[in-house]
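Student: take a look and give me a structure for this.
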Amino acid sequence: MSGERKVMMSLDAAWEKLKQGLQIVFESPGQGKGGKLTPEKYMELYTTVHDYCTQTARTGPAAAVGTNRGSTTSGATLVGRDLYDKVIAFLTQHCREWLEVGSPRQGDDVLTFFADMWARYTFSARVCNNLFAYLNRHWVPRAKEEDKKDVYTIYRLTLVVWRDKFFMPLRAQVFEAMMGLITRERNGEGVNTQLIRSITDCCVALGLDEEDEAEETNVMDGQLTVYKQYFEEDFLKRTEDYYAKESVTFLEENQVTDYMKKALGRLEQESRRVQAYLHESTRDSLAKKCEDVLIEAHKERLHAEFQPLLDAEKTEDLRRMYELSTRIADGLVPLRELLEKHVTQQGLAAVERIEEPANPDVKIFVDCLLDVHKKYTEMVRKAFENDATFVAAMDRACKKFVNKNAVTVAAKSSTKSPELLAKYCHGLLKKGSKIAEGQDVELLLEGVMLVFQYLEDNDVFQKYYSKMLAQRLVNSASESDDYESSMISKLKQKCGFEWTQKFQRMFTDISTSRGMMQSFKETMLAKACLKGFTMMVLQSNSWPFTSQDGQLQLPPVLAACREKFELYYSSQHQGRKLMWLYNLGSCEVETLYTHKPKDESKPLKYTLTTNTMQLAVLLQYAERDEITVEELIANTSLSPESMEPVVEILIKSKLVVKKDSGALALNMDFRNKKTKVTIKVPTKREQKVEAEDVHKTINEDRKLMMQAVIVRIMKMRKTMTMNQLLPEAIKQLEGRFTPKIPMLKKEIEVLIDKEFLERDEADRGQLRYLA
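Tutor: Have a look, this model is predicted:
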């Protein structure tokens, strides 16, 4: 090829140019980017590196990179090692000169100097890296391929030299000054945190990883070895010592409540400190160290203050204790236990303050339970952030004092609470409710469900609620069908469709009966009946009533109505039989013998509301003023047991008086403040018998339920030990009631006698299902 031969550039000539440029870059005061390095000069230096490294031959000794030293390779070799060594020597000398200036400095002065030098050095290092870009792209990768561990890109080389020649010799006094600055800040002094940030960034950048091929000009892409080894370890140890001493001193001189404020403040400060000038990786270890010395070391002292704070209802202080305790392992366990115990005690104490615990006012009882629940629900929300474990602790406490309290003890009945809650519902939903005066019924029903969720014996509530719902429906005494439906819907949502199925059937029967009576009144048969005569036809398997058919001889006027309706019903429904419940009937009768107290010539009629049996007895006085009990029994066909409560209520209401002879005479001087008098009310004896019947029914139902559950489990498992069967049965029955183990064992024996189960001959503890 023709042309003038290019003159080869020597190492000395190339370095002379480059050295002058590097001195401008590194010696610049850093006021302008690149200082006196003009664009033209920059390009000249860049070209010098390129030209020198691309020479295929040189004069003087030099190092070339091939595949392996001493081997012959095809193509041109690359020059660069000698230039690379020159850069190392230059940077080393530069750092030593700066070290001589910085070594005598102490305190804030050395921090300011170090931060300033680091900012200048990293800027200059980037410029240097760009000047030697050709070396980075070509010579450095080839050198690394030859497994040369001491070869880096130029930027990384500048960091290595800075670390070894400047940082390491100066680090002790720099870090001592840093810790002094941090301590002063913790003591409340205003300090220049940017100095600390600059040095921590430097530590991060110097944690070089030889295998890391990330963008090396980013100071935050380094590994954390230098940061953790030379700064973080000592920083955490001094932090621990600082707060250990401070916490002990503060607790000796101040209250625990003040200490909690102080500790939370310190934890927040340390969190902000990480954000301000520490690496994010320090956050967890710093928080753990602070929590150990500020909380863990004093947890017994803190937890000892929890009960007094509960007693005083210091919600804000309780919240602070929760925030502190949640930061340490198992820190909340004793708090939950104390809260559960406290709520239980407060609930029991509140119930003990109720007057006449053996027969309490249902509104006062339920309101008492709700007040305790509301109070501590609010406390859990505000103080414990509705933590699920604290909610569960409060629920356990509520379950204890709802089911076992002064009322259940006085009544000698563990099922008194569900009974009273059902009576509260009855009082709330019936007409003329005094419980709901001026209050939102829906909110009160929500309160009922709050208490209901803590009942252990839901089946007792179900029985009483069913009986009282039936009374309201039969007597048309419900305040609102909407409220009734709302309550059933809430129970259905809580307990399931099957639990409320009979309740819904009752409403269906009432609706069907209304339609049936409307059809009856349109027939000729209804014209022979009394005005206002109505009848309800109820399904026997849906209503909690017992038939008393054949125990009452109706007065002729009522007997005729019954016969007409039976004719109509049999024409509509063949094969069905009506069973009459006279004790549930409702009648109105007027008195024709009473008169005004001051003027006997003027009559004063009273309207008496009775049941059918009471009416049958009263109508016996239409012809006679005095009748014996025996005659009443003979005329009405009532049994002596059924006649007894009827006579009792008539005497109590003063409609009749008992003569010395034992006969019952009509009270001709009957007086009452009201002209409408209701005598259709149960006596205490009837209420007692009714309660006994309910509990008897509950016990019988429980036996059947336990047997059904045991058979269902055994049918699925085939064989089980007694110890396996009992817990499984209890678990399945908990939604209805909590059975006692002796009860379950007794029903297992019953099932063995019925040949549903058998014991294994070889192992008597093993049970086997018999198909």
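Student: tell me the buried residues in the host helix or strand of A125?
Tutor: Using DSSP states H and E, A125 maps to helix 107-131. By neighbour count on 16 or more other Cβ atoms under 10 Å, the buried set for helix 107-131 is 110-111, 113-115, 117-118, 120-129, 131. Backbone N, C-alpha and C define where each C-beta goes, glycine included.
Student: that helix: how far from the chain's middle?
Tutor: Computed by Cα atoms, centre = their mean, to the nearest Å, the separation of helix 107-131 from the middle of its chain amounts to 54 Å.
Student: show me what that helix is packed up against.
Tutor: helix 11-27, helix 39-53, helix 81-102, helix 154-162, helix 168-186, helix 193-206 (3 or more Cβ pairs under 8 Å, 6 or more residues apart in numbering; DSSP states H and E).
Student: quick one, which of these is nearest to F565?
Tutor: Nearest to F565, of all the helices and strands packed on helix 107-131, is helix 168-186, at 92.9 Å by Cβ to Cβ.
Student: buried residues in that closest one?
Tutor: For helix 168-186, by 16+ other Cβ under 10 Å, it's 170-171, 173-175, 177-179, 181-182, 185-186.
Student: which stretches in the stretch 501-650 of the chain count as helices?
Tutor: Using DSSP state H, counting those that start in this stretch, the helices of the stretch 501-650 of the chain run over 556-572, 612-618, 629-636, 640-652.
Student: among the ones you listed, which is the most enclosed?
Tutor: Most buried of those, by mean neighbour count (mean count of other Cβ atoms under 10 Å): helix 612-618, with a mean of 23.
Student: pull the residues that contact it.
Tutor: 552-555, 558, 582-585, 587, 589, 608, 610, 632, 636, 638, 642-643, 646-647, 649-650, 655, 679-680 (Cβ atoms under 8 Å, 6 or more residues apart in numbering).
Student: just the CA atoms of that helix, as CSV, please.
Tutor: The C-alpha trace of helix 612-618 is given here as CSV (Å, rounded to 0.1, in the frame of the first residue of the first chain):
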residue,chain,number,x,y,z
THR,A,612,-110.9,-20.7,75.7
MET,A,613,-110.7,-22.7,79.0
GLN,A,614,-111.2,-19.6,81.1
LEU,A,615,-114.1,-18.6,79.0
ALA,A,616,-115.7,-22.0,79.4
VAL,A,617,-115.5,-21.7,83.2
LEU,A,618,-116.8,-18.1,83.3
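Student: sec struct for A665, please.
Tutor: Put simply, A665 is strand when judged by DSSP: H, G, I helix; E, B strand; the rest coil.
Student: show the model's pLDDT score for it.
Tutor: At A665, the model reports a pLDDT of 90.
Student: please apply the same query to the one 4 residues further on.
Tutor: According to the predicted model, the pLDDT of D669 comes to 84.
Student: then it would be within a strand, right?
Tutor: No: counting by three-state DSSP, D669 falls outside a strand, being coil.
Student: just to confirm, which helix or strand has the closest residue to E728 other than its chain neighbours in it?
Tutor: Nearest non-adjacent residue to E728, counting by Cβ to Cβ, 6 or more residues apart in numbering: I713, 5.5 Å away. Assigned by DSSP H and E, I713 falls within helix 684-717.
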